[in-house]
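Engineer: based on what follows, work out the 3D shape:
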Amino acid sequence: MKQLLAGLALAVMAQGAQASEDDIMRVAAKSDVASTMDALQAAVEGAGATVFARVDHAEGAQSAGMELAPAQLLIFGNPKLGTPAMQGNPLAGLYLPLKVLVYEAADGRVWLAYEDPEETLDDLRGVDDDAAYVAKMRMALIKLTEKAAGK
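Structural biologist: Next up, the predicted model:
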């Protein structure tokens, strides 16, 4: 199981290297990383989506003898939203399922962050970034992160 999570973390990190910070949406949280992530996971599951993994980056750093501020990543999805994108272009599977990072910034503030799905899927042929399923992904991320943030 740890190997699977480590592999997922590496895949996500490699994918994130190509993301532009302009495409990252951030929501300030009112609680610490662990509590905010618990709230996010509960919101995701309450909405009927599937949680595939919860990656604790700080724990991973600690296992390597390194320090990292608290940071956790939730990987989740809903096949009713993701499947149409992958039907349009199987490469959408590189960006799906959805991911939200909850992290503590250098100033001690906690943030939820995710890449806007419209921007994520924008360059894939066969995927219309104006499609209803992309708008639903975007709205789900907004609602879920705001709920987890305590708004």
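
Engineer: just say helix, strand or coil for residue 119.
Structural biologist: helix (DSSP: H, G, I helix; E, B strand; the rest coil).

Engineer: pLDDT weak spots in this protein?
Structural biologist: 1-20 (pLDDT under 70).

Engineer: centre-most residue in it?
Structural biologist: Centroid-nearest residue in the chain: residue 99, 1.5 Å away (criterion: CA atoms, centre = their mean).

Engineer: check which element follows the helix or strand harbouring that one along the chain.
Structural biologist: Residue 99 is part of strand 98-104, with elements assigned from DSSP states H and E. Using DSSP H and E, the next helix or strand after strand 98-104 towards the C-terminus is strand 110-115.

Engineer: got the angle between that following strand and strand 98-104?
Structural biologist: 150 degrees (axes from the mean of the first three to the mean of the last three CA atoms, to 10 degrees).

Engineer: show me what strand 110-115 is packed against.
Structural biologist: With contacts taken as 3 or more CB pairs under 8 Å, 6 or more residues apart in numbering; DSSP states H and E, strand 110-115 sits against strand 24-28, helix 33-46, strand 98-104, helix 132-149. Heads up, the C-betas are built off the backbone N, CA and C, glycines and all.
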